[in-house]
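>>> Build me a model from this:
(one chain, ligands or ions: 1)
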Amino acid sequence: MEHLLQVEHVVRKFGGLTAVDDVSLYLNEHELVALIGPNGAGKTTLFNLLTGMVPATSGVIDLRTNKQKYDLTHKNAMQIADLGLSRTFQNIRLFKNLSVMENVLTAMTSKYKEGFMTAVLRLPSFYRTEQEMKSEAHQLLEIFNLSAEEQTLAKNLPYGIQRRLEIVRALATHPQILFLDEPAAGMNPEETADLTDLIKYIQEQFKITVLLIEHDMSLVMNLAQRIYVLDQGKVLASGEPAQIKANPQVIKAYLGEGAD
Ligand SMILES: Nc1ncnc2c1ncn2[C@@H]1O[C@H](COP(=O)(O)OP(=O)(O)OP(=O)(O)O)[C@@H](O)[C@H]1O
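Now for the predicted structure:
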């Protein structure tokens, strides 16, 4: 079977340290997959490789879409984003002094490539596009329960809501694959439960593939169809949540005794 994303024998070295060590994995269309593992296991580095933020030392990353195959190891972050791969960051990256609405609109501009002169002269097509963008942004913010905050500056939002806004921004680019780096970090159990429902909802509604890094096992076990466990740069195990929970190596390296 051909996969949407196929990672084969990918390695990333930083000097003498091998952060990602011969990793192979795949994502199918409309799958929700989790990447877990101890601190320093190489999870974020793998995200950086998949989204073109750091080049691989060796290996192949193939994306199969629109009946074409693209080798992502030869593309930069902008080209990969254009192919429909979008991400959030562990350390939130919002425009802190822009409003919630402006944050979403700026994310959309990569999709709507209006000519510079059309924008400067404010020709009719610019308004039409701006209108479309605003209408879509309203819809997205409503789904994420952020309508009341549209005019609030990002810096004035509580941390958990900033995380939700980051996901809205990533979705605003109409991704085919969404990479979420610790979406529940810093959230309380209630916020995490809400976020779990929301991620499931957007994956189904927008028919996207999601790969998420997360330390919160309630979110991972409730949400993921498959899980990859990274340890010291290598894939220690992969499988369905029940298999991962029962894997003695995973329990030893990461989950700990008594994990449920
Ligand atoms: N730019 C870099 N230069 C040098 N070393 C790096 C760089 N980025 C990551 N590393 C190292 O690579 C290893 C993997 O780090 P990475 O951040 O990918 O782990 P992680 O699994 O995401 O950890 P965490 O769960 O703490 O976020 C670590 O030892 C880290 O110090």
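>>> from here on, contacts and neighbour counts on C-alpha atoms
OK.
>>> What strands flank whichever strand or helix holds residue 64, and is each parallel or antiparallel?
Secondary structure assigned from DSSP states H and E places residue 64 in strand 58-65. Next to strand 58-65 in the sheet, as set by DSSP bridges, lie strand 5-14 (antiparallel), strand 68-71 (antiparallel).
>>> Adding distance to residue 131 and mean pLDDT, write those out as TSV.
Below are the strands paired with strand 58-65 laid out as TSV (distance: least, CA to CA, whole Å; pLDDT from 0 to 100):
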stretch	distance to residue 131	mean pLDDT
strand 5-14	34	97
strand 68-71	33	93
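>>> Flag every buried residue along the lengthiest helix in the chain.
Criterion DSSP state H: the longest helix present in the chain is helix 124-143. Residues of helix 124-143 classed as buried: 126, 129, 130, 133, 134, 136, 137, 138, 140, 141 (neighbour count, 16 or more other CA atoms under 10 Å).
>>> One more: stretch 81-90?
Buried residues in stretch 81-90 (16+ other CA under 10 Å): 81, 83, 84, 85, 86, 87, 88, 89, 90.
>>> Could you dump the strands paired with strand 58-65 into TSV and include mean neighbour count?
TSV is the format used below for the strands paired with strand 58-65 (neighbours: other CA atoms under 10 Å):
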stretch	mean neighbour count
strand 5-14	18
strand 68-71	12
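>>> Tell me which entries of the buried residues of stretch 81-90 lie within strands.
Counting by DSSP state E, the buried residues of stretch 81-90 place 85, 86, 87 in strands.
>>> Which single one of those residues is nearest to residue 236?
The nearest member of these to residue 236, counting by CA to CA, is residue 87 at 24.1 Å.
>>> In contact with the residue nearest to residue 165 when sequence neighbours are not counted, which residues are there?
The shortest distance from residue 165 to any non-neighbouring residue, by CA to CA, 6 or more residues apart in numbering, is to residue 100 (7.3 Å). Going by CA atoms under 8 Å, 6 or more residues apart in numbering, residue 100 touches 149, 150, 151, 152, 153, 154, 165.
>>> And the helices in this protein?
43-50, 77-82, 100-108, 116-121, 124-143, 159-171, 189-205, 217-223, 241-245, 248-250.
>>> Between the ones you listed, which one is closest to residue 35.
Nearest to residue 35, of the helices of the chain and by CA to CA, is helix 43-50 at 6.9 Å.
>>> Does anything pack onto that closest one? Which helices or strands?
When contacts are defined as 3 or more CA pairs under 8 Å, 6 or more residues apart in numbering; DSSP states H and E, helix 43-50 sits against strand 17-27.
>>> if I pick residue 77, what's in contact with it?
51, 52, 53.
>>> excluding its backbone neighbours, what's nearest the residue nearest the centre of the chain?
Residue closest to the average C-alpha location in the chain (CA atoms, centre = their mean): residue 179, at 1.7 Å. For residue 179, ignoring the flanking residues on the chain, the nearest one in space by CA to CA, 6+ apart is residue 87 at 4.4 Å.
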